[in-house]
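> After the sequence you'll find the predicted model.
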Amino acid sequence: MITVSAIANASQGELLCITYEMFLHHIEQAVKEVEENKTECIHKAIEVIKTLVQDLNFELPIAQELLRLYVYMQGVLLEYEVTDEKLEHVHQTMEMIYKGFLEVTSQEAQSPPSMANAEAIYAGITYGRSDLNEMVISDKNRGFKA
């Protein structure tokens, strides 16, 4: 499960891994679902591929190879008849890429979160004899500094 906290505290590499996890989740759901819901899951996976393509840095040599793989996988998902075997193939291909980035991300030095100025919120509930009190402690800094 991907949480807001995981995204707010993620480095750039971790955000990329989260994006891959979203794609893999949509493909897994497409394999499990019936035809109507399968199409919706496939469209969500295609949207994730579009996001991955937009985020490529073409100054790096690996970007061209990743683009080719993304275009191939998108083409498979856009076919009229997408079988479960094709979905499994796309899932396995993307999972190999994901595992590679996951290993690189785990080996890189601990980088700061991508949202360094994110607000920390502490919440709690206290119980009284006849009431329930909610308390929230937050910072006025909402993460935006000019």
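That came through fine. Numbering: from 1, shown residues only.
> Run through the strands of the chain in chain order.
According to DSSP state E, the chain carries its strands in the segments 121-127, 132-138.
> Quick check: mean pLDDT of the first one?
Across strand 121-127, the average pLDDT comes to 60.
> From Phe101, how far out is Leu66?
To Phe101, Leu66 is 10 Å away according to C-beta to C-beta, to the nearest Å. Every C-beta, even on glycine, is put in place using the N, C-alpha and C of the backbone.
> How about the contacts made by the closest residue in space to Cys41 that isn't next to it in sequence?
Distances taken as C-beta to C-beta, 6 or more residues apart in numbering place Ala30 nearest to Cys41, at 3.7 Å, with adjacent residues excluded. Residues counted as contacts of Ala30 (C-beta atoms under 8 Å, 6 or more residues apart in numbering) are Lys38, Cys41, Ile42, Ala45, Val82, Leu87.
> 6 Å instead, please
Ala30 makes contact with Lys38, Cys41, Ile42, Leu87, according to C-beta atoms under 6 Å, 6 or more residues apart in numbering.
> hmm, which helix or strand of the chain has the shakiest average pLDDT?
One helix or strand of the chain scores below all others by mean pLDDT, DSSP states H and E: strand 121-127, with a mean of 60.
> model confidence over stretch 50-70, on average?
93.
> That stretch: end-to-end distance?
One end of stretch 50-70 sits 8 Å from the other (C-alpha to C-alpha, to the nearest Å).
> Give me the contacts around that stretch.
The contact list for stretch 50-70 (C-beta under 6 Å, 6+ apart) reads Ile49.
> Now it: buried residues?
For stretch 50-70, burial by neighbour count (16 or more other C-beta atoms under 10 Å) applies to Leu52, Leu66, Leu69, Tyr70.
> other SSEs contacting the longest helix seen in the chain?
Taking DSSP state H as the criterion, the chain has its longest helix at helix 84-107. Secondary-structure packing of helix 84-107 (3 or more C-beta pairs under 6 Å, 6 or more residues apart in numbering; DSSP states H and E): helix 12-32, helix 62-78.
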